[in-house]
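this is a predicted model, with the sequence first.
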Amino acid sequence: MMDLGPSLLLMALFVCCQGFFSGSEIGIVSADPMVLRHKAAKGSRGARLALKLLEKPEWLLSTTLVGTNLSTVAYSTLIADQMIRLFGDAGPIAAVALVVPNSWIFGEIVPKSVFQQKADVITPVIIFPIRFFSIVFTPILWVFSGISRLLTFSVKQDVGKRQTLREEILAMVQMSPVEGEIQQEEKDMIRRLFNFGETTAREVMVPWLDVVVLDREATCGEAARLADREGHHRLPVCSKTDHVEGFLDVLEILGEMPETPIAGFVRKIEFVPDTKSIQDLLKELRQQNTDICIVVDEFGGPRGIVTVEDIVEEVVEEIEDEFDPAGQDPQWLRRVEDRHYLASARVELDDLQEKLGLEIRSDRYSTLGGFLIEQFRTIPHAGQEVWQGNYRFTVEKADPKSIQEVRIRW
């Protein structure tokens, strides 16, 4: 039998080993792959090794499992030996009384908690001893690996790759920018790019209420004067019943006699449902060699207009074209003072949440104006207010048809 002094030292060593292996298991699993890639790109050898070993997670986790179990067995054996030596027949009971709490606290709970909280920092460091022990335990790991493959033969093996490239890139852009790396403007563009395929025509269109239309009976002179007054060179052409027949590019009638009817210059215009994704819409407009279309609702009525500029600015932000209301402040959100803003009623609720942190949702509308109409159950007039949680919304500008501007305070 071993003396008490050396036994205590070995017990402490094996408890530390148990804590190391059990903590490493949770730490490696909790480490963010994008953070590791970030560190590897900056020259971290530990991060590079961790990424390499994480390609075979079952081998890595088997190493920590074997290490934990061997440490636990060795620790338990030493304690049992000393307890039997000290207490005789009562030794096994005393051994259990010591092994269980110490093993749980110092071999499992504490190390796992610490390693999980510091996973991204610890993993590039602990990966070196884990790699060493994976080599030492190779014979045992081959047996474990073979049994594991037999038991999981029918289970899909893509568990380690559930995090898609999309999710990883979006996680990367959440990191704080440092010099020479992705800056905030670029991060915003990446987010918009990933949302591009999910954005619909309804979300980017200019509402039909704001579209200037031309009567099909108009003359070239009338069209030119209207275009000059409104600042648009592409004008939808409609019949008396608001039926859209096409559009006129005023640049094509320059030089024509003022009394010439526009009928011969009206070009075909595309009609798209308001639920169509702008990614598909952009492809369609390119195929049709046009840069403008009419957005229609489920009944075929016009809801608005979308141009190529409207689609592109979803990624690169504002590009002013002739369908943007003249004189409109391009900033849809203006800060008056702390916790006091003026916002366009057309701002998307998602954009408002991103900028101000407002958590407001509507099942029917995507804009602030639509949300307020839903709250009031009618089109409110200027000065009317409504509370949503701690936020007070005051209608600043409105007409009988719509809301233009809203004051937000909290």
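Now that the structure is in, tell me what you want to look at.

now the closest residue in space to residue 336 that isn't next to it in sequence, what's its secondary structure?
Ranked by C-beta to C-beta, 6 or more residues apart in numbering and with sequence neighbours excluded, the top spatial neighbour of residue 336 is residue 342, at 6.1 Å. Glycine gets a C-beta too; all of them are placed from N, C-alpha and C. Each residue gets one of three states, and residue 342 gets strand by DSSP: H, G, I helix; E, B strand; the rest coil.

can you check residue 393 too?
The three-state assignment at residue 393 reads strand, by three-state DSSP.

how much space between it and residue 355?
For residue 393, the distance to residue 355 (C-beta to C-beta, to the nearest Å) stands at 15 Å.

of these two, who's got more company?
Ranked by neighbour count (other C-beta atoms under 10 Å), residue 393 and residue 355 place residue 393 first, with 25 against 14.

report the contact partners of residue 125.
Residue 125 makes contacts with residue 46, as judged by C-beta atoms under 8 Å, 6 or more residues apart in numbering.

sticking with it, tell me its helix or strand.
Residue 125 is part of helix 119-136, with elements assigned from DSSP states H and E.

for residue 10, same thing?
If you go by DSSP H and E, residue 10 is part of helix 4-30.

centre of the chain to that helix, how far?
In terms of C-alpha atoms, centre = their mean, to the nearest Å, the centre of helix 4-30 is set 39 Å apart from its chain centre.

buried residues in that helix?
Along helix 4-30, these residues count as buried under the neighbour rule (16 or more other C-beta atoms under 10 Å): 7, 11, 14-15, 17-30.

likewise for stretch 292-299?
Within stretch 292-299, judged by 16+ other C-beta under 10 Å, the buried ones are 292-296.

also stretch 84-98?
Across stretch 84-98, burial judged by 16+ other C-beta under 10 Å covers 84, 91, 94-95, 98.

hmm, which of these is lowest in pLDDT?
Of all the buried residues of stretch 84-98, the one the model is least sure of by pLDDT is residue 91, with 77.

contact partners for it?
For residue 91, the contacting residues are 80, 83-85, taking C-beta under 8 Å, 6+ apart as the criterion.

next, the angle helix 4-30 makes with the helix or strand containing it.
In this structure, residue 91 sits in helix 91-104 according to DSSP H and E. Calculated by axes from the mean of the first three to the mean of the last three C-alpha atoms, to 10 degrees, helix 91-104 forms an angle of 40 degrees with helix 4-30.

biggest helix in the protein by residues?
Ordering each helix of the chain by length in residues (DSSP state H) puts helix 57-87 first.

next, the angle from the helix holding residue 10 to helix 119-136.
Interaxial angle of helix 4-30 relative to helix 119-136 (the same axes, to 10 degrees): 120 degrees.

wouldn't residue 124 be in contact with residue 37 here?
No: under the criterion of C-beta atoms under 8 Å, residue 124 makes no contact with residue 37, lying 11.6 Å away.

please enumerate the shared neighbours of the two.
Listed as contacting both residue 124 and residue 37 by C-beta under 8 Å, 6+ apart are residue 47.

neighbour count winner among the two?
Legend: neighbour count by other C-beta under 10 Å for residue 124 and residue 37, higher for residue 124 (21 against 16).

how about the nearest residue to the more buried one, chain neighbours excluded?
The spatially closest residue to residue 124, leaving aside those adjacent along the chain, is residue 46, at 3.0 Å (C-beta to C-beta, 6+ apart).
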